[in-house]
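Trainee: how would this look folded up:
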Amino acid sequence: MALSSVDSRLLTNSIHHYVVFRRPVSDFRDSAVIITLVGLLCAAITAFLGFFQAPLVNPDSWNAPGAYRIIYWHVPFAWSSFLSFCLLFLGAVSWYVKRSERGWRMVVIGSELGLLFGLGVVISGPIWGSVEWGVPWDWGDVRLNTYALLTSVALFLVMSLRSQPDGEETRDTLAAVGLFGFILVPITAAATTIWRNRHPGVILRESEETGVDPEILQVMGFGAISFMILFIGLVLLNYSIYNLRVELESLNREIDKEGMK
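Mentor: All right, here's what the predicted structure looks like:
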């Protein structure tokens with residue numbers, strides 16, 4: 001029996017309501033929301049500690065010593081973006097080897113989170129650079145340019161995922177782009193030490209020339225944990241949303257088929 005357009009909309013709304021509010025516990029939706037909120041709260045606490053508790057650095061070594069406090073978000077943003085690209089890499093490998101749907105979801109989530117955290121880096125970095133260096137961006141610094149390219153890869157993937165029709169050919173192409181993007185992760189990390197120009201080196205590494213105040217390390221460690229919690233929460237949240245979207249599309253196709261009978 002064919003369904004009228006009104007009946008179809010009513011049925012779709014009913015299914016949508018059922019799927020949204022009666023999802024199985026295995027989707028981790030509730031836990032994902034809680035973990036994400038905890039991560040956001042801890043990130044806010046990190047900012048507060050960075051501004052009001054972390055000590056001031058040696059003013060003789062910095063042009064704008066007060067501006068260094070942005071690193072308590074800038075550095076965790078960068079670490080989280082690298083984790084996102086690791087997730088993207090694992091998903092791309094899983095997709096190529098096993099044609100795994102879960103692997104493709106990891107590609108999608110890794111791309112989206114790579115763009116999110118990558119934008120956090122490329123926005124916070126120039127804010128600091130503009131007051132410390134006098135210019136927001138140094139086009140001669142390898143680290144900055146490779147990271148900008150890395151974020152551009154994430155942007156391309158996200159835009160392609162939203163504009164291209166889903167299919168094996170599209171997935172193969174975008175997974176290959178994701179694998180290329182992951183190659184930039186070790187290059188970007190190595191550039192901090194090997195090809196360093198304006199960008200600071202690895203400040204957490206102890207040497208004869210560098211050392212970090214224990215209070216700075218404590219706040220930065222708390223920030224790293226905070227963004228790790230946020231990263232985990234966003235992965236679970238995006239995974240649940242992706243599952244929900246796929247199921248809704250499947251149900252809508254079934255309804256369309258019924259309506260054509």
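Trainee: and stretch 44-62, end to end?
Mentor: Chord length of stretch 44-62, first to last residue, is 26 Å (Cα to Cα, to the nearest Å).
Trainee: what comes up buried for it?
Mentor: 46-47, 49-50, 54, 57 (16 or more other Cβ atoms under 10 Å). In short, each C-beta sits where N, CA and C put it, glycine included.
Trainee: point out the least confident member of the residues you listed, please.
Mentor: Across the buried residues of stretch 44-62, no position has a lower pLDDT than V57, which has 78.
Trainee: which SSE is that residue in?
Mentor: Using DSSP states H and E, V57 falls within no helix or strand.
Trainee: what do you get for I241?
Mentor: helix 214-259.
Trainee: now that helix, how far from the centre of its chain.
Mentor: 10 Å (Cα atoms, centre = their mean, to the nearest Å).
Trainee: show me what that helix is packed up against.
Mentor: helix 5-21, helix 29-52, helix 71-98, helix 101-132 (3 or more Cβ pairs under 8 Å, 6 or more residues apart in numbering; DSSP states H and E).
Trainee: and the next helix or strand after the longest one, what's buried?
Mentor: Read that as helix 101-132. Next helix or strand after helix 101-132 toward the C-terminus (DSSP H and E): helix 142-163. Under the neighbour-count criterion of 16+ other Cβ under 10 Å, helix 142-163 has 142-148, 150-151, 153-154, 156-158, 161 buried.
Trainee: cool, and stretch 116-132?
Mentor: Those would be 116-118, 120-122, 124-126, 128-129, 131-132, for stretch 116-132 by 16+ other Cβ under 10 Å.
Trainee: which one of the residues you listed sits closest to L83?
Mentor: F117 (8.1 Å; Cβ to Cβ).
Trainee: quick one, what contacts I35?
Mentor: Applying Cβ atoms under 8 Å, 6 or more residues apart in numbering to I35 gives the contacts 229, 232-233, 236.
Trainee: can we see that at 10 Å?
Mentor: Going by Cβ atoms under 10 Å, 6 or more residues apart in numbering, I35 touches 28, 229-237.
Trainee: what's the farthest-apart pair in those?
Mentor: Using Cβ to Cβ, the contacts of I35 span at most 15.3 Å, a distance reached by F28 and L230.
Trainee: more neighbours, the two?
Mentor: Neighbours were counted for F28 and for L230 using other Cβ atoms under 10 Å; L230 has more, 23 against 19.
Trainee: pLDDT at the more buried one, what is it?
Mentor: pLDDT, read off for L230, is 96.
Trainee: one more: G178?
Mentor: 90.
Trainee: how many neighbours does it have?
Mentor: G178 is flanked by 27 other residues according to other Cβ under 10 Å.
Trainee: was I right about it contacting G110?
Mentor: Yes. Between G178 and G110 there is a contact at 7.1 Å, judged by Cβ atoms under 10 Å.
Trainee: what is in contact with these two at once?
Mentor: 85, 87-89, 91-92, 154, 157.
Trainee: between these, which is nearest N243?
Mentor: G91 (14.8 Å).
Trainee: would you mind measuring from that closest one to A154?
Mentor: Applying Cβ to Cβ, to the nearest Å, the value for G91 to A154 is 13 Å.
Trainee: intersection of neighbour lists for those two?
Mentor: Common neighbours of G91 and A154, counting by Cβ under 10 Å, 6+ apart, are 110-111, 178.
Trainee: point out where this protein drops to low pLDDT.
Mentor: Within the chain, the segments meeting pLDDT under 70 span 1-28, 191-212, 259-261.
Trainee: now do stretch 115-124: distance to the chain's middle.
Mentor: 9 Å.
Trainee: isn't L155 up against R162?
Mentor: No. Applying Cβ under 10 Å as the test, L155 and R162 come out as separate, 11.2 Å apart.
Trainee: what sits against I45?
Mentor: I45 neighbours (Cβ under 10 Å, 6+ apart): 219, 222-223, 226.
Trainee: oh, that last question was meant for G103, not what I typed.
Mentor: 90-97, 171, 175.
Trainee: of these, which pair is most distant in space?
Mentor: Farthest pair in the contacts of G103 (Cβ to Cβ) is L90 and R171. Separation: 15.0 Å.
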